[in-house]
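>>> requesting a structural model of the entry that follows:
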Amino acid sequence: MPMFRWEKPEYLYLLLLIPLFWAVLVALRAAARRKRIHFIDKNVLERISEGRSAVKPYVKMLWWSLALAFFIMALANPQMGTKVETVHRKGADIVFTLDVSRSMLAEDVKPNRLEKAKRIISQMIDRMVSDRTGIIVYAGEAVSVLPITTDYAAAKMFLQQISPDMVSTQGTALDEALRISQTYFDRDEADKILIILSDGEDHSQAAVDAAEALAEQGIKVIAVGIGSDTGAPIPIRRHGQLVGYKTDRDGQRVISRRNRELLYEIARKTGGIYVDGNNTMAAVKQIMDYLKKINRKEYEEKRITGYKDRFPWMIGAALFFLLLCVLTTEKETAWLRRLNLFNENAAKNED
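Below is the predicted model:
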């Protein structure tokens, strides 16, 4: 069955202008009719209106509206996919696990740790060709953001929306994120890579234990540590404005530091590597160099190909209705008057 889509669906919002135009038209004609009745003698009005149809102006505007609607749909470019191809690709599964706890808002790397991590992920997605990817975020709990996919555009769209607000409970439930990640991998022949991006702060021994479970399933961890060893305060912002810094129970400013030792241990348990994530380009290069050496499996993927533009149909329909608009006059037609097809006699009496 052919698949249908709009290439530029945003243009379809222009269709909302058509009912607005009709509302304005009806209001203006009603106001004009009231003025004629008020200022012009009835007999004079009948002589002026003789031979004019009361309904045809609306029919003319109907043709014009349909022509405009089809021109708008031509701009949106309807497309029909008529062919499904099975594409053979070779890739691995690479899942990103991103720490979105409040400590990732520390600004010891610019603009902050979280944005630095998102830039690393974004640049890695840009370099992917046939690998599948997915995204998990965690703070006090873990949340699956993007299931495993080869839709890189969707991956980057979801990545842009990630913020600490996505997880209401604060904390560092990395162990839960690691358990969720196990459900992402389903191909035994290809290497399974889990990339953790975090400052490593407040991670418990449970995360190391969860890493051992990953190792048993052949999942290797690349741990990307982001943040400085000296640390930085955690800013509190409202509506984008800095209003203070996080403090402890004694009112002292909390300093968040990167825990590279724990991240290194998690990576080591699975036979993976630790990467310093403070320099975006250096981190991406190190990770990509590692990924060049992993095993990839050939798999099949069905794709809709051969989408054909159908906007000429829309333009043809628009020109047809535009021609009807031009050919439709506002004068009465004798044979139509006898048929009274549009109930024009009643409409004229109301006018």
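>>> name the nearest residue to Asn278, sequence neighbours excluded.
Nearest residue to Asn278, sequence neighbours excluded (C-beta to C-beta, 6 or more residues apart in numbering): Val109, at 5.1 Å. All C-beta atoms are positioned from the backbone trio N, CA, C, and that covers glycine.
>>> so Leu98 sits in a strand?
Yes: under DSSP: H, G, I helix; E, B strand; the rest coil, Leu98 sits within a strand.
>>> count of neighbours near it?
The burial count assigned to Leu98 is 25, neighbours taken as other C-beta atoms under 10 Å.
>>> ok, it - contacts?
Listed by C-beta atoms under 8 Å, 6 or more residues apart in numbering, the contact partners of Leu98 are Leu114, Ala117, Lys118, Ile121, Ile135, Ile136, Val137, Tyr138, Ile162, Leu197, Ser198.
>>> one more: Gly271?
Ala215, Lys220.
>>> do Ala31 as well
So Ala31 contacts nothing (C-beta under 8 Å, 6+ apart).
>>> quick one: it from Ala23, how far?
According to C-beta to C-beta, to the nearest Å, Ala31 and Ala23 sit 13 Å apart.
>>> low-confidence ranges, the stretch 251-351 of the chain, go.
Applying pLDDT under 70 to the stretch 251-351 of the chain flags residues 299-306, 330-351.
>>> again, only this time at 90
251, 293-311, 325-351 (pLDDT under 90).
>>> do you know how far Lys285 is from Ala232?
25 Å.
>>> all strands for the stretch 1-150 of the chain, in order.
Applying DSSP state E, counting those that start in this stretch to the stretch 1-150 of the chain gives strands spanning 3-6, 78-91, 93-99, 132-138, 142-149.
>>> include mean pLDDT when you put those into a markdown table, please.
Shown next, in a markdown table, are the strands of the stretch 1-150 of the chain (pLDDT from 0 to 100):
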| stretch | mean pLDDT |
| --- | --- |
| strand 3-6 | 81 |
| strand 78-91 | 74 |
| strand 93-99 | 95 |
| strand 132-138 | 94 |
| strand 142-149 | 91 |
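>>> to Val275, which of those lies closest?
Of all those, strand 93-99 sits nearest to Val275, with 12.9 Å by C-beta to C-beta.
>>> from the chain's centroid, how far away is the closest one?
Remark: strand 93-99 is offset 19 Å from the chain centroid, using C-alpha atoms, centre = their mean, to the nearest Å.
>>> kindly report the same for stretch 153-168.
Centre-to-centre, stretch 153-168 and its host chain are 10 Å apart (C-alpha atoms, centre = their mean).
>>> now do it, average pLDDT.
Mean pLDDT, stretch 153-168: 91.
>>> what residues sit buried inside it?
Buried positions in stretch 153-168, judged by neighbour count with 16 or more other C-beta atoms under 10 Å: Ala155, Phe158, Leu159, Ile162, Pro164, Val167.
>>> again, but for stretch 134-142
So stretch 134-142, judged by 16+ other C-beta under 10 Å, has buried residues Gly134, Ile135, Ile136, Val137, Tyr138, Ala139, Ala142.
>>> correct me, but the last one touches Ile136?
Yep, that's Ala142 we're talking about. Yes: judged on C-beta atoms under 8 Å, Ala142 makes contact with Ile136 at a distance of 6.0 Å.
>>> so for the two, which residues contact both of them?
With C-beta under 8 Å, 6+ apart, Ala142 and Ile136 have common neighbours Ala177, Ile180.
>>> the helices in this protein, which residues?
Remark: helices assigned in the chain by DSSP state H are 17-39, 42-49, 56-76, 113-127, 152-161, 174-181, 205-216, 260-269, 280-291, 311-327, 334-339, 344-350.
>>> what about the ones you listed, which gets the closest to Gly251?
For Gly251, the closest of the helices of the chain is helix 113-127, at 24.2 Å, according to C-beta to C-beta.
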